[in-house]
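Engineer: have a look; sequence and predicted model below, questions after that.
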Amino acid sequence: MTDEYRIKKLRTFAKRYARANRLVHSQSLDVVAKELGFAHWKTLIGASKTDWSPSDDELSKIEAFIGKSFHTKRENENGVILDPIDDMNQTEETKIGEYSFRISNFLGDAVVYGEGWTVRIPEAPLAAPLVEIDKRYAETSPVKESKFLKQVIDIAQAYSQQIRARMSMDWSRRSTKPDANGKVRHPFGGSVFDKWYCWECDGEITGQQIAQNLWHCPSCGANPLHIRSEPYVSDDSKTHPVEIPEQGERLEPIVLLVDSRLKLELNEENISMLIRCALLEEAANTNERLGAMLAQISLIDNEVVYITFDEDLWPEDKEPIQALAVAELLGLEVEQEISLFTAPFAWPELGELTSSTHEYTKMLLDAYSEHGVISR
């Protein structure tokens, strides 16, 4: 490997670092030089023109340093080489003291899961971390301790930085680094402007602001899909410059007590679905299946299930035994009635002759072909 090639390799690493961290190339060159013990890039180049050249170990050191920004390819515990994108979708396990937890990428958010608690770092760089504590662990959860919570948030924010760096690598360079006039390119479009608008809060955002905040509104946190080149309101005077948190840092964590247990909502929609499923279960032929699907089911005062059947599709003397059993489990009474609806097809008696939908459809086609019209 020639000395010239080694210096070129350092330039390549610096370029990757610049894209991942949304820096100008000259700044990333200085970062690389300082990692190797030089004051800045010019000093490194000066040394390379005398008798210095980066060794293999130094090149490996810089590659590892750059890799921390956006997850370079590496092996997992099974020896499988992970692509950077796939790598960011892996769930990693770690621990602080006696407490184990997992961290993963969920749709751009860095999420840490512990027993009875979750810490989420939103994709938007300035958004507040969200801490959720299961009420069942309210007194024992380690995230109640400020020192432990800070450690977890620091880990999650470092992981979030890697997620954002990976996104920056995938987007156009002009989407994350404004030009001399402050113009940036929308990562999902192609338009290039120096002023952008949030369609959620009507905020007016400079190209520099939106690029620094990874195309999320610095004020309300709206995602890139809500950032447009024209204001949502027709009157420009109704827009306003966005308000950015002081020091440009994330807000304080929001801590919530939640009940994370799975909940069965016994509302009218779900009860009706269960009753209808029971009706379908005991349908003996095609007509009765149609009757079960078209029956009107309503919940009265959370006490009575009211079922109205079509008299052409459901036998008047047939008790919906399974539906009655389901209603009993739910602690509900059942009221039934038969009414005349508009049958979906002519000759409703055909549905009583078979339980096969295929056979019933064939009988319908034959009957309509002979006595009516088939419309498609």
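Structural biologist: Received it, and whenever you're ready, just let me know what you need. Numbers count the residues shown, from 1 in each chain.
Engineer: can you report how many residues neighbour the closest residue to residue 193 other than its chain neighbours?
Structural biologist: Counting by CB to CB, 6 or more residues apart in numbering, residue 229 is the residue found nearest to residue 193 once chain neighbours are left out, at 4.9 Å. The C-beta positions use only the backbone N, C-alpha and C, and glycine is treated the same way. For residue 229, the neighbour count with other CB atoms under 10 Å is 12.
Engineer: tell me the contacts of residue 229?
Structural biologist: Neighbouring residues of residue 229 by CB atoms under 8 Å, 6 or more residues apart in numbering: 186, 191, 193, 195-197.
Engineer: give me the below-cutoff pLDDT ranges for the protein.
Structural biologist: Scanning the chain for pLDDT under 70 picks out 1-2, 22, 68-91, 234-237, 245-250.
Engineer: quick one, domains of it?
Structural biologist: The chain breaks down by automatic domain parsing into domains covering 3-70, 73-260, 268-371.
Engineer: buried among the contacts of residue 229? Need that as a selection in PyMOL.
Structural biologist: Applying 16 or more other CB atoms under 10 Å to those leaves a buried subset, and the PyMOL line that selects it is:
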select buried, resi 186+193+195+196+197
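Engineer: the contacts of residue 229 in strands, which ones?
Structural biologist: Judged by DSSP state E, the contacts of residue 229 include 193, 195-197 as members of strands.
Engineer: now, among these, which is nearest to residue 281?
Structural biologist: The nearest member of the ones in strands among the contacts of residue 229 to residue 281, counting by CB to CB, is residue 197 at 54.5 Å.
Engineer: return the residues in contact with the spatially most central residue of the chain.
Structural biologist: Geometric centre of the chain, nearest residue: residue 107, 3.5 Å, by CA atoms, centre = their mean. Listed by CB under 8 Å, 6+ apart, the contact set of residue 107 reads residue 123.
Engineer: go ahead and confirm residue 297 touches residue 309.
Structural biologist: No - look at residue 297 against residue 309 with CB atoms under 8 Å: they stay out of range, at 10.0 Å.
Engineer: between the two, who's got more neighbours?
Structural biologist: Comparing residue 297 with residue 309 by other CB under 10 Å, the one with more neighbours is residue 309, at 23 against 20.
Engineer: helix or strand for the more buried one, which one?
Structural biologist: Using DSSP states H and E, residue 309 maps to strand 304-310.
Engineer: what comes into contact with the helix or strand just after that strand?
Structural biologist: Counting by DSSP H and E, the next helix or strand C-terminal to strand 304-310 is helix 321-329. Contact partners of helix 321-329, identified using CB under 8 Å, 6+ apart, comprise 274-275, 278-279, 281-282, 305, 307, 333-334.
Engineer: ok, of these, which one's closest to residue 354?
Structural biologist: residue 282 (16.9 Å).
Engineer: ok, and the closest non-adjacent residue to the closest one?
Structural biologist: residue 322 (4.7 Å).
Engineer: likewise residue 213?
Structural biologist: Distance criterion CB to CB, 6+ apart; nearest residue to residue 213, sequence neighbours excluded, is residue 125 at 5.4 Å.
Engineer: residues touching the one you found, list them.
Structural biologist: Contacts for residue 125 (CB under 8 Å, 6+ apart) come out as 164, 212-214, 216, 250.
Engineer: doesn't it lie inside a strand?
Structural biologist: No - per DSSP: H, G, I helix; E, B strand; the rest coil, residue 125 lies outside any strand segment and is coil.
Engineer: for stretch 216-236, which positions count as buried?
Structural biologist: For stretch 216-236, burial by neighbour count (16+ other CB under 10 Å) applies to 216-224, 226-228, 231.
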